[in-house]
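1. all I have is the shape, not the residue letters:
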């Protein structure tokens, strides 16, 4: 029976551990799942797959699909572990049932007088039920209970324990995780009580460009030394994942530090492998097969915002940078796997986004999101194409083209001279912001800021005002008996406003006029009040839009005393319903 007792002892104490003989159920220390094992057992801050219930049940709240997962791993002396788990999505959170079997079949048995006895099997079986839920955009919490049965031939034992976990994301690229594992009373083996391997894990996960993850965990056992676990995962083409890890426990350090592995994801099917060497004892191989499928509850109850970024020509997902402004502000990155960014808790209101990716033209969009609704924005990105700006330079008073030149700066800079007809063209421009300044002798220069999209032909014209003298801007007319500005007057008023902005020492005089027909209303008792109101309407537009000090603009009404045309036809009457501007230095 000596062999039997040795086997029993090995199962109670755990293989190669620095805290030999101090804890029961060594299976509770195993790094289940090839992905986590290949990452050196660093997984507490990530835990975003079907093995989340084992590492940190809070990770269940990070998942959005149903899972079925099976893992097989072979140890030394024909020891094997079988791990079957899954994730069930519900409207109330995510549940994960798990069953684990670890054992050795056909163990030889010998009596004290060295007679061979009937072989026997030893095993540990664990039943686990875990729950996780995402309580905000940044926080997930979870818990799990385990029921354990140990069958060591002449000794059998049962027990139970509890796991608790939390995951916090300060940003979308950084995760912080912590879990308490195997919280429970000691287990009785015949007359001896042995403690469970109670411990705490804490760690971080750092994502780079959505396809590279760095993990660092600290495992703090109830008895024994603190362990360091670290891992790297790199994803290629959303299909192949390469992994490597480093760990200082729970095995004896002489048995090796490093772990390796890979994974393949094809549509909803996943295959994972881990290679973990143990020096002179040999190496272990771990395999897993998983399948995930959409959840009816996730689709039905989905809310928040999803932005999908795709290549406009290939429809391939893109990992891009998104800048949000408005109801939500910040910088986020879409996933390289599916080109998506999702935030379940997104504030209500108008939001603008700018999407950038190297080698693509910048894309912009805006949307209004309502609480408790699901908003999806699809952004198609294109390779940059040459852009151009064309336009004319006009005399603001007579509306005829004039010669001049355009200075431009931004992603490109330079100067172009207008053609004889006053037109200009700036070609072969990159997408971006530009500043254009129109110049002509004896005219006040005028500048305009603008954004030019990829492949866009943008038309921008300038209406320049003479530096001296009175100007009559013929486009600013009024309806009979009214002082409200027409829409067509804005272009001329914008030219005047820009001239005042760019020349702070200039002042402006605005004169208002009416036709000969007398008026007598509540708002305008006579043409004198009407003509003054028209001048003030032009002043108010310029002051409000261009933030000009009111003292720089004087207004005066002249009623019908200064006509520019006979008041004999409707056309001439309209010419007299006007405002005139005088630039004063």
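-> On my side now, so go ahead. Predicted model only: the values in this text are computed from it and were never measured. Numbers count the residues shown, from 1 in each chain.
2. drop to CA atoms for contacts and neighbour counts, all remaining ones
-> Fine.
3. need the next SSE after the strand or helix carrying residue 409, C-terminal direction.
-> Element membership of residue 409, judged by DSSP states H and E, is strand 405-410. Beyond strand 405-410 on the C-terminal side, the first helix or strand identified by DSSP H and E is strand 414-417.
4. and the contacts of that following strand?
-> 403-408, 424-426 (CA atoms under 8 Å, 6 or more residues apart in numbering).
5. again with stretch 440-451
-> Here stretch 440-451 has contacts from 402-405, 431-439, 462, 464-467, 495, 498-499, 502, using CA under 8 Å, 6+ apart.
6. packing partners of the helix or strand residue 125 falls within?
-> Element membership for residue 125 (DSSP H and E) is strand 116-134. With contacts defined as 3 or more CA pairs under 8 Å, 6 or more residues apart in numbering; DSSP states H and E, strand 116-134 has these neighbours: strand 93-110, strand 139-152.
7. which strands or helices does the first one pack on?
-> Put plainly, it is strand 93-110. Here strand 93-110 touches helix 2-13, strand 80-90, strand 116-134, going by 3+ CA pairs under 8 Å, 6+ apart.
8. distance to residue 36, mean neighbour count and mean pLDDT for those - can I get that in JSON lines?
-> Output for those, formatted as JSON lines (distance: least, CA to CA, whole Å; neighbours: other CA atoms under 10 Å; pLDDT from 0 to 100):
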{"stretch": "helix 2-13", "distance to residue 36": "23", "mean neighbour count": "16", "mean pLDDT": "40"}
{"stretch": "strand 80-90", "distance to residue 36": "14", "mean neighbour count": "20", "mean pLDDT": "94"}
{"stretch": "strand 116-134", "distance to residue 36": "18", "mean neighbour count": "19", "mean pLDDT": "88"}
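9. turn the ones you listed into CSV, including distance to residue 278.
-> Listed next are the helices and strands packed on strand 93-110 as CSV, based on distance: least, CA to CA, whole Å:
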stretch, distance to residue 278
helix 2-13, 17
strand 80-90, 16
strand 116-134, 22
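10. tell me which of these sits nearest to residue 104.
-> Among these, strand 116-134 comes nearest to residue 104, with 5.4 Å by CA to CA.
11. what angle separates that closest one from strand 80-90?
-> 20 degrees (axes from the mean of the first three to the mean of the last three CA atoms, to 10 degrees).
12. list the pairing partners of strand 116-134 within its sheet, with orientation.
-> Taking DSSP bridges as the criterion, strand 116-134 forms sheet pairs with strand 93-110 (antiparallel), strand 139-152 (antiparallel).
13. quick one: it to chain centroid distance?
-> Strand 116-134 has its C-alpha centroid displaced from the chain centroid by 41 Å (CA atoms, centre = their mean, to the nearest Å).
14. skip the chain neighbours and tell me the closest residue to residue 286.
-> Nearest non-adjacent residue to residue 286, counting by CA to CA, 6 or more residues apart in numbering: residue 73, 4.3 Å away.
15. and the contacts of strand 414-417, which are buried?
-> Using 16 or more other CA atoms under 10 Å as the burial test, those include 403-406, 408, 424-426 as buried.
16. out of these, which comes closest to residue 343?
-> Using CA to CA, residue 408 is the member of those that sits closest to residue 343, with 40.4 Å.
17. my read is that residue 146 contacts residue 181, right?
-> No - applying CA atoms under 8 Å as the test, residue 146 and residue 181 come out as separate, 10.2 Å apart.
18. comparing those two, which residue is more hemmed in?
-> Neighbour count, other CA atoms under 10 Å: between residue 146 and residue 181, residue 181 has more, with 26 against 19.
19. pLDDT wise, what is the spatially closest residue to that one that is not a sequence neighbour at?
-> Counting by CA to CA, 6+ apart, the nearest residue to residue 181 once its immediate chain neighbours are dropped is residue 163, at 4.6 Å. Here the pLDDT value assigned to residue 163 is 97.
20. cool, residue 491 as well?
-> Note on residue 491: pLDDT of 78.
21. just list whatever residues bridge to residue 367.
-> Residue 367 forms beta bridges with residue 351, as assigned by DSSP bridges.
22. switch to numbering from 201
-> With 201 as the first residue, the last one maps to residue 567.
23. isn't it right up against residue 547?
-> No - look at residue 567 against residue 547 with CA under 8 Å: they stay out of range, at 12.0 Å.
24. assumed residue 636 was part of a helix.
-> No - under DSSP: H, G, I helix; E, B strand; the rest coil, residue 636 sits outside any helix and is assigned strand.
25. what number of residues are in the vicinity of it?
-> 21.
26. mind checking pLDDT for it?
-> Residue 636 is given a pLDDT of 95.
27. equivalent analysis for the one 5 residues further on, please.
-> With respect to pLDDT, residue 641 scores 92.
28. go on, residue 673?
-> In this prediction, residue 673 has a pLDDT value of 60.
29. what's stretch 421-431 in contact with?
-> In contact with stretch 421-431 (CA under 8 Å, 6+ apart) are residues 218-219, 222, 238-242, 397-400, 414-420, 443-450.
30. ugh, wrong one, I meant stretch 280-288
-> 232-233, 250-251, 260, 265-275, 294-304.
31. right, and residue 530 touches residue 521 too?
-> No - taking contacts as CA under 8 Å, residue 530 lies outside contact range of residue 521: 10.5 Å.
32. ok, now which ones touch residue 587?
-> Applying CA under 8 Å, 6+ apart, the residues near residue 587 are 627-631, 652-657.
33. of those residues, just the buried ones, PyMOL syntax please.
-> The PyMOL selection below is limited to those of the contacts of residue 587 classed as buried (16+ other CA under 10 Å):
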select buried, resi 629+630+631+652+653+654+655+656+657
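34. out of the contacts of residue 587, which are inside strands?
-> Counted as lying in strands by DSSP state E, out of the contacts of residue 587, are 627-629, 652, 657.
35. tell me where the model's unsure across the stretch 351-500 of the chain.
-> Residue ranges of the stretch 351-500 of the chain with pLDDT under 70: 452-453, 497-500.
36. what do you get if the cut-off is 90, keeping everything else the same?
-> In the predicted model of the stretch 351-500 of the chain, residues 351-357, 371-373, 387-395, 408-411, 422-425, 437-439, 449-457, 466-467, 477-484, 493-500 satisfy pLDDT under 90.
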